[in-house]
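*Asks:* For reference, the sequence and a predicted model appear below.
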Amino acid sequence: MKKKFISLVAATAFCFGSALASVTEVSSDSTRKSVDTLSIWVMENGLGSQKALQKIVKKFQKRTGTVVKITVLDWANAFERISKTLSESNNDVESPDVIQLGSTWVAHFAAAGLIRPIDSMMTRVDSSRFFVEAFKNSHIAGNPQIYSIPWFVDIRGLYANERLWFQLGLSDEKISTYPKFIGVLRAVANSGLTNAQNEKVVPYALPGKNDWTGPQQMAPLIWGFGGRFLNQSSKGFRSGLLDSCTLEGLALYAKIMGDNEIAPNSLFENSAQNADRYINSQQLLLYGTSELIRELEFPAESGGLKSSEIAQDGILIVEPPAGPAGRFSFMGGSHLALTQKKDSLKSAAAEDLLAYLVRADNIDSYSRQVGFLPSDKSIIRIWQQDNRYSQLVKNMENGRSFSNIPEWGTIENILVRFSNDMGTVLSKTNDKIVRHKELSKMTLSAHNQINAVLGYSESADEAELLSRIERIFSKKMIEESPKGLSSVANKSPFPWSRTIVAVFALFVLSVVYIAVRLYWRARRKRR
């Protein structure tokens, strides 16, 4: 766990021979007039992210003489602020030149004409360097034009408390399927497992209240059962929520969220609170993001986790369970794009900056600082050699992102409300029949809302649909109990069985000692 990252020298030696060679340097055209200032807008991407970017743009300034002004936005209001600025700004000064966008935002801003195509830059930036699934969001579905370049990747992983994981005798194989996964969670819940502070440890949690990550949490289960949020046909996109495979994944998601034994805090906590519980070693497993690993290296006064309970116990990223259709992980991340500019000179300078930022070495140094994985395939081979990230890199092989359509932002908001509403319904009653009926109504409502956004209409009997949804939600959750897990759950350095053996051995030694003393005393008397 505490192994240090492979040195940047090794990374650079490898990358410069491949990916870096494919990227043209900042334009050296001596006839081009210089641009005094460029502006880049980015979000707060983790501890040290601002310093890392400042270091990179400082090198750009040294090469070109162009000052780069960095504006840092809060993720909570970034979409609204970017939309407002790009829509209302009539001059090149007010709006940024280069802009960070969440991967699922690109299609929206491209369709609105607020960012510009960058196909002409592909002679300088080799698109084959990037992961296909990450690069997918550089386009609008069905449109070959390129509007952005992947900067870093957010690949989700299943995090375990390392000390407790091995104390329990667990392995990837023991949670390799969802029945096994649920069985392990149940066994842990009934084991009385405690942490180093003798506090109860809960097995798992899903965010069921006031949270925005529901779709990311749902996705691996839905995909694992062969479902999809959206389906595409010759008529366009439509909701996939009522497809049988999607419903199977949703039903399992709801069952885990509403289970008071295996995920007891789900109905009252959001994803940040789930993460805090894991960080405090009060939760065994967490479905989380990779910057958590990087935060272990920062002290508490800097907002890091270096002195946290999980830092003492250790973080272990384990292979997530597979569904009938396979094993999938949610892949998101951020892209860099160029805004529309009237000044052709400034547009050209902005292209120089973008090309510089997505150079292999600069992607690597920025990703290492923030803890998200790089979007460049040649660099990721080196990250894979670090055992802290190797499983996350493996997850990228089966990583899947959301649909790259302009309407996705609105659809994701529907799914976020859907997930939170699930938590509300489940928190109000333990009656399974009532739960299943209410969940079925909510699912049908979300399905209809998504189709309305997509302009897709269908004729179906609502009562029949609700009956079919309810049948799937009513299915029993299959569990496969692990062998021997409960007996080792709270294994201490001196369990009762070993204590009894130790006492018995001490008794035998005492008897032998007394017998020997009596024997020699008797011999002395005879003399």
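*Replies:* Received the coordinates, thanks. Numbering: from 1, shown residues only.
*Asks:* what residue is smack in the middle of the chain?
*Replies:* The centre of the chain sits closest to residue 156, judged by Cα atoms, centre = their mean, with a distance of 2.6 Å.
*Asks:* May I have the phi/psi pair for the closest residue to it other than its chain neighbours?
*Replies:* In this structure, residue 156 finds its nearest non-sequential neighbour in residue 330, 4.6 Å apart by Cβ to Cβ, 6 or more residues apart in numbering. In short, each C-beta sits where N, CA and C put it, glycine included. Per-residue torsions, residue 330: phi -70, psi 130 (degrees, to the nearest 10).
*Asks:* can you check residue 280 too?
*Replies:* Residue torsions, per degrees, to the nearest 10, at residue 280 are phi -90, psi 10.
*Asks:* per-residue confidence for it?
*Replies:* On pLDDT, residue 280 comes in at 97.
*Asks:* Same check on residue 64?
*Replies:* Value for residue 64, per-residue pLDDT: 94.
*Asks:* cool, and residue 318?
*Replies:* You'll see residue 318 listed with a pLDDT of 97.
*Asks:* Which strand residues bridge it?
*Replies:* Here residue 318 sits in beta bridges with residue 158, going by DSSP bridges.
*Asks:* Would you confirm that it contacts residue 161?
*Replies:* No: using Cβ atoms under 8 Å as the test, residue 318 is too far from residue 161 to be in contact (10.6 Å).
*Asks:* out of these two, which sits in the busier spot?
*Replies:* Taking other Cβ atoms under 10 Å, residue 318 and residue 161 do not tie; residue 161 has more neighbours (26 against 18).
*Asks:* How many residues are close by the closest residue to that one other than its chain neighbours?
*Replies:* The shortest distance from residue 161 to any non-neighbouring residue, by Cβ to Cβ, 6+ apart, is to residue 313 (5.0 Å). Using other Cβ under 10 Å, residue 313 is surrounded by 19 other residues.
*Asks:* Same question for residue 310.
*Replies:* Neighbours around residue 310, by other Cβ under 10 Å: 24.
*Asks:* ok, back up a step: who touches the residue nearest to the centre of the chain in this structure?
*Replies:* 216, 220, 287, 288, 289, 329, 330, 331, 395 (Cβ atoms under 8 Å, 6 or more residues apart in numbering).
*Asks:* Could you do residue 331 as well?
*Replies:* Contacts of residue 331 by Cβ under 8 Å, 6+ apart are 133, 134, 153, 154, 155, 156, 396, 399, 400, 401.
*Asks:* Pull out the buried members of the residues you listed.
*Replies:* Buried by 16 or more other Cβ atoms under 10 Å: 133, 134, 153, 154, 155, 156, 396, 399, 401, out of the contacts of residue 331.
*Asks:* From those, which land in helices?
*Replies:* 133, 134, 396 (DSSP state H).
*Asks:* For those, give me JSON lines that also has distance to residue 68 and pLDDT.
*Replies:* Below are those laid out as JSON lines (distance: Cβ to Cβ, whole Å; pLDDT from 0 to 100):
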{"residue": "133", "distance to residue 68": "30", "pLDDT": "95"}
{"residue": "134", "distance to residue 68": "24", "pLDDT": "95"}
{"residue": "396", "distance to residue 68": "30", "pLDDT": "94"}
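*Asks:* host element of residue 416?
*Replies:* Assessed by DSSP states H and E, residue 416 sits inside helix 408-428.
*Asks:* Can you point out the buried residues in that helix?
*Replies:* 408-409, 411-412, 414-423, 425-426.
*Asks:* Strands of the stretch 351-500 of the chain, start to end?
*Replies:* Counting by DSSP state E, counting those that start in this stretch, the stretch 351-500 of the chain has these strands, from start to end: 373-374, 399-400.
*Asks:* For the first one, give me every contacting residue.
*Replies:* Contacts made with strand 373-374 from outside it, assessed by Cβ under 8 Å, 6+ apart, are listed as 152-155, 290, 363-364, 367, 380, 383, 389, 392-393, 396.
*Asks:* now do the last one
*Replies:* Residues external to strand 399-400 that are found in contact with it (Cβ under 8 Å, 6+ apart): 131, 133, 153, 155, 219, 223, 328, 329, 330, 331.
*Asks:* Closest one of the residues you listed to residue 471?
*Replies:* Using Cβ to Cβ, residue 223 comes nearest to residue 471 of these, at 21.9 Å.
*Asks:* is it true that that closest one touches residue 322?
*Replies:* No: in this structure residue 223 lies outside contact range of residue 322 using Cβ under 8 Å: 10.4 Å.
*Asks:* Next, the contact list for residue 398, please.
*Replies:* Applying Cβ under 8 Å, 6+ apart, the residues contacting residue 398 are 326, 327, 328, 329.
*Asks:* Next up, the contacts around the first one.
*Replies:* Shown here is residue 326, whose contacts under the criterion Cβ under 8 Å, 6+ apart are 223, 224, 398.
*Asks:* which non-adjacent residue is nearest the second one?
*Replies:* With Cβ to Cβ, 6+ apart as the measure, residue 323 is the residue that lies nearest to residue 224, at 2.5 Å, once sequence neighbours are left out.
*Asks:* So the one you found sits against residue 245, correct?
*Replies:* No: assessed by Cβ under 8 Å, residue 323 is found out of contact with residue 245, at 9.0 Å.
*Asks:* who has more neighbours, these two?
*Replies:* Counted by other Cβ under 10 Å, residue 323 and residue 245 do not tie: residue 323 has more neighbours, with 22 against 19.
*Asks:* what about that one, distance to residue 293?
*Replies:* 26 Å (Cβ to Cβ, to the nearest Å).
*Asks:* mind checking which helix or strand residue 179 is in?
*Replies:* helix 178-189.
*Asks:* starting at the chain centroid, how far to that helix?
*Replies:* Its chain's C-alpha centre and that of helix 178-189 lie 22 Å apart, by Cα atoms, centre = their mean, to the nearest Å.
*Asks:* In stretch 366-385, which residues are buried?
*Replies:* Using 16+ other Cβ under 10 Å as the test for burial, stretch 366-385 gives 366-380, 382-384.
*Asks:* repeat for stretch 72-89
*Replies:* 73, 78, 79, 82, 83, 85, 86.
*Asks:* hang on, the second one is in a strand, isn't it?
*Replies:* No: according to DSSP: H, G, I helix; E, B strand; the rest coil, the state of residue 78 is helix, so it is not within a strand.
*Asks:* Can you get me a residue count around the residue nearest to it when sequence neighbours are not counted?
*Replies:* Among residues not flanking residue 78 along the chain, residue 43 sits closest, at 5.3 Å (Cβ to Cβ, 6+ apart). Residues within reach of residue 43, counting by other Cβ under 10 Å, total 19.
*Asks:* quick revisit: just the buried residues of stretch 366-385: which are in helices?
*Replies:* 366, 367, 368, 369, 370, 377, 378, 379, 380, 382, 383.
*Asks:* Show me the contacts of residue 156 that map onto strands.
*Replies:* 287, 288, 329, 330, 331 (DSSP state E).
*Asks:* min pLDDT across those residues, which one?
*Replies:* Among the ones in strands among the contacts of residue 156, residue 288 has the weakest pLDDT, 93.
*Asks:* and the nearest residue to that residue once chain neighbours are set aside, how many neighbours?
*Replies:* Counting by Cβ to Cβ, 6+ apart, residue 159 is the residue found nearest to residue 288 once chain neighbours are left out, at 5.0 Å. Residue 159: 27 surrounding residues under other Cβ under 10 Å.
*Asks:* before we move on, what about residue 388?
*Replies:* By other Cβ under 10 Å, 21 other residues sit near residue 388.
*Asks:* same check, this time on residue 457
*Replies:* Around residue 457 there are 9 residues (other Cβ under 10 Å).
*Asks:* For the protein, give me the ranges with low pLDDT.
*Replies:* Residue ranges of the chain with pLDDT under 70: 1-34, 89-93, 486-505, 511-513, 515-516, 518-527.
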